[in-house]
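# Okay, structure incoming, though there's no sequence with it:
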């Protein structure tokens, strides 16, 4: 998983579709931001069908992570700096 | 072949998971047709998908530059690379995500090559601008080759 693999992440959804991931974030997190594919998060470009939702929960960032053979994972990582950067997005 | 003095056009082939056998065969065939039309193919995929091509094309008659998919996306988003055409191989949900991403980060003419058992369901899920070339092809590449030949994306 590159840089993300080296971070202490929690898998909320495994092998889901991009739509399931987006629906999960919008349903379970009151705060979210929509970004375009290619947006950089944790030094990795995000893959998906726009709009891609990123959830925010205090210092936690919840986002989809897609690999060709494994589908989309929904990951949760605690990072106050990255959470603040994404929270500042309009 | 391009006329002398014309800039060489390029095409990016974005490979999916190689678990469906037709991908490697169609990728080699497409690279052959692109080269014949004077278009330089560049491949992006995971290690297994690229290794299948390297082993099938030991003299590199068709395969030229091949790059890890994440590195290619880095280079495109950093505006270091661009292509005239982009072909995304799709047989699952992840393939759709990669195609949508390529559509968002590249200005290329985008083609979705859709195959596998559920090709029609996958094709119906695509709601962003691209040209679909789709067929039920799993082990036998001929249905997808036929659709590709009819579309002639190398002739654009």
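Nice, I can see it. Note that the structure is predicted; figures quoted are calculated from it, not measured.
# hey, let's count contacts and neighbours off CA atoms from now on
Will do.
# burial measure for the closest residue to residue A:69 other than its chain neighbours, as a count.
The shortest distance from residue A:69 to any residue other than its chain neighbours is 4.7 Å, reached at residue B:17 (Cα to Cα, 6 or more residues apart in numbering or on different chains). By the other Cα atoms under 10 Å in any protein chain shown criterion, the neighbourhood of residue B:17 contains 23 residues.
# For the residue nearest to residue B:15 when sequence neighbours are not counted, give the beta-bridge partners.
Once flanking residues are discounted, residue B:15 sits nearest to residue B:45: 4.8 Å by Cα to Cα, 6+ apart. Under the criterion DSSP bridges, residue B:45 forms beta bridges with residue B:68.
# For the residue in chain A positioned nearest to chain B, give me its contacts.
Closest residue of chain A to chain B, Cα to the nearest Cα: residue A:48 (4.1 Å). Taking Cα atoms under 8 Å, 6 or more residues apart in numbering or on different chains, we find residue A:48 in contact with A:18, A:37, A:64, A:66, B:96-98, B:100-101.
# Try it again at 6 Å.
A:37, B:97, B:101 (Cα atoms under 6 Å, 6 or more residues apart in numbering or on different chains).
# In those, which residue is surrounded by the most others?
Neighbour counts for the contacts of residue A:48, by other Cα under 10 Å, peak at residue B:97, which reaches 27 neighbours.
# Now do residue A:3, the pLDDT please.
pLDDT for residue A:3: 74.
# Spit out the contact partners of it.
No contacts exist for residue A:3 under Cα under 6 Å, 6+ apart.
# Ok, residue A:13 next?
A:73-74.
# does it have beta-bridge partners, and which?
Bridge pairing for residue A:13 (DSSP bridges) gives the partners residue A:74.
# just to revisit the earlier point, can you report how many residues neighbour the residue nearest to residue B:15?
Residue B:45, neighbours per other Cα under 10 Å, totals 23.
# Now do the strands in the chain.
No chain was given, so I picked chain A. A:9-16, A:31-35, A:40-41, A:44-45, A:52-57, A:60-67, A:71-78 (DSSP state E).
# actually it's chain B I care about, not the one you picked
B:9-14, B:39-45, B:65-68, B:85-90, B:109-114, B:131-134.
# sorry, back to before: going by distance to residue B:39, which of the contacts of residue A:48 wins?
residue B:101 (22.6 Å; Cα to Cα).
# Hmm, the closest one is touching residue A:39, no?
No - if you go by Cα atoms under 6 Å, residue B:101 and residue A:39 don't touch, sitting 9.9 Å apart.
# For residue B:65, which non-adjacent residue is closest in space?
Closest to residue B:65 by Cα to Cα, 6+ apart is residue B:42, at 5.2 Å.
# Report pLDDT for the one you found.
Predicted confidence (pLDDT) for residue B:42: 98.
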